[in-house]
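In: Would you be able to build a 3D model of this:
(chains A and B)
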2 protein chains.
Amino acid sequence: MKHFVIITGGRISDAFAVQYLRQESFLETAGNKSERSIIAADSGLEFCYRNQLLPQFAVGDFDSVTPETLAYFRQQQGIAWYPLNPQKDDTDTEFAVRLAIKNGAEKITILGGTGSRLDHVLGNIELLGIGMEAGVPMELVDACNRIRMIKSGIVLKKEQRFGKYVSLIPYTDCVKHLYLTGFLYPLSDFCLQGFCSLGISNEIVENEAEIKFDGGILLVLETSDEA
Amino acid sequence: MKHFVIITGGRISDAFAVQYLRQESFLETAGNKSERSIIAADSGLEFCYRNQLLPQFAVGDFDSVTPETLAYFRQQQGIAWYPLNPQKDDTDTEFAVRLAIKNGAEKITILGGTGSRLDHVLGNIELLGIGMEAGVPMELVDACNRIRMIKSGIVLKKEQRFGKYVSLIPYTDCVKHLYLTGFLYPLSDFCLQGFCSLGISNEIVENEAEIKFDGGILLVLETSDEA
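Out: As a prediction, the model looks like this:
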């Protein structure tokens, strides 16, 4: 499975991100190397430099990257550079998502896509829709959260859960005929609408929990307590 | 104007929050006291304790409040207590928003509504819709962000701006006939849709900037660089 990780310039926990990359086989020097690609978006390059990772793609205007880091990677072989104009309509991360899809991504993960600037966080959540529309499973991940956008049901295994809580937020005005089974707070044929907090802080209580619905788009947030 | 501040249990910068409360006349001992109310939602009580503020309302199950803090406020006069069952459909913050509106709020601010748990952040953004529907201007504020939800246009004055950037995210599938004037990146009769990052990181360049649209609901995020 071709897995692309986009490393972007928000707040990033190096310890968490490196552990994620290790677990997802990005740090192996042989084997399925061609199945794993890193796209460094702008100052995501600094993360790569700090952790001695070679990205396959670098996108951005690089105005927030130090000359030292930039010079280092300019000397490396095997990086495809995509210089972007800072006066552009989309963000570097959006460009990176589309680049991943163009290159045959079968899974996309955004690391470094969260932080204190909530416009960036919400903007990156919007981008999950690009993966969803292209049929490519996509997630925005940090040390505390895994966020996915879905338009059909999924099954979550308790042993693979990301954090203690599963919260559901309707992305569209309404998520229709929602059924939750295997959760602490189950639902049956429910219409989940905005402007309310009913979907927050549910928990998986059986080995498997299922989210089923028919109509609308749902954000699934798996979170652990404050880090 | 009756201004309610809801202090909830996310990450909170005491320095920022106290400065906000001072600027909004919450710390005056006389004068328009009846026009300013603090609702402490669950561990928001800890913020009040640390900063010697007396809330007018306390809502929650208080299971994350220390016995010392709870005992202190139990002895104070003038707090209306609303004990909530932890097994409830809505969050403490949602209850607090509805309580503010029931008590005649003409403006509502949520402090402490952000932090590393993004399900809480998104849940709190959803709650902005309750204020919007009730015709009460409402904002979610932290040291880096001010977030509002609007269904009709607004004018932003440069001298009163919250941060350097203004980002626009469509809350509904599409925000129609969007016009931006006085911004670095103006727009004219644009349909702003989801799954894209076009609305991120705009800037006010004239004394006044106007956001006008006709159809849909828009999130307006004013942000400063990473704190």
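In: mind checking the longest helix of chain A?
Out: Longest helix in chain A by number of residues, with DSSP state H as the criterion: helix A:118-134.
In: how far out from the middle of the chain is the helix or strand that that helix is followed by?
Out: Where DSSP states H and E defines the elements, the next helix or strand beyond helix A:118-134 is strand A:138-141. Chain-centre distance of strand A:138-141: 2 Å, with CA atoms, centre = their mean, to the nearest Å.
In: Next: stretch A:88-102.
Out: The answer for stretch A:88-102 is 13 Å, by CA atoms, centre = their mean.
In: A:L184 is in contact with A:A209, isn't it?
Out: No - counting by CB atoms under 8 Å, A:L184 stays clear of A:A209, with 9.3 Å between them. All C-beta spots, glycine's among them, are computed from the backbone N, C-alpha and C.
In: Now do the domain split for chain A, please.
Out: For chain A, automatic domain parsing gives the domain ranges A:3-143, A:150-223.
In: Tell me the spacing between the residue nearest to A:R36 when sequence neighbours are not counted and A:T109.
Out: Counting by CB to CB, 6 or more residues apart in numbering or on different chains, the nearest residue to A:R36 once its immediate chain neighbours are dropped is A:F26, at 4.9 Å. A:F26 sits at a distance of 10 Å from A:T109 (criterion: CB to CB, to the nearest Å).
In: which residues are common contacts for these two?
Out: Shared contacts of A:F26 and A:T109, defined by CB atoms under 8 Å, 6 or more residues apart in numbering or on different chains, comprise A:3, A:5.
In: Show the contacting residues for the most centrally placed residue in chain A.
Out: The centre of chain A sits closest to A:L140, judged by CA atoms, centre = their mean, with a distance of 2.0 Å. By CB under 8 Å, 6+ apart, A:L140 lies in contact with A:109-110, A:113-114, A:124-125, A:127-128, A:146-148.
In: now A:L70
Out: Going by CB under 8 Å, 6+ apart, the list of residues near A:L70 reads A:45, A:62.
In: Can you show me the helices along chain A?
Out: Going by DSSP H, chain A shows helices at A:14-23, A:44-50, A:67-74, A:92-102, A:118-134.
In: name the helices or strands packed onto the shortest one?
Out: Meaning helix A:44-50. Secondary-structure packing of helix A:44-50 (3 or more CB pairs under 8 Å, 6 or more residues apart in numbering or on different chains; DSSP states H and E): strand A:3-7, helix A:14-23, strand A:36-41, helix A:67-74.
In: Equivalent analysis for the first one, please.
Out: Packed against helix A:14-23 by the contact rule (3+ CB pairs under 8 Å, 6+ apart) you find helix A:44-50, strand A:107-111.
In: restrict the contacts of A:L140 to those near chain B?
Out: Among the contacts of A:L140, the residues lying close to chain B (CB under 8 Å from any CB of the partner chain) are A:114, A:124-125, A:127, A:147.
In: what two of the residues you listed are the furthest from one another?
Out: Farthest apart among those by CB to CB are A:T114 and A:L127. That separation is 12.6 Å.
In: where does chain A have low pLDDT?
Out: A:30-33, A:226-227 (pLDDT under 70).
In: Quick check: A:L99 vs chain B, distance?
Out: 14 Å (CB to the nearest CB, to the nearest Å).
In: what about that residue, neighbour count?
Out: 19 (other CB atoms under 10 Å in any protein chain shown).
In: Having no further points to raise, I will conclude here.
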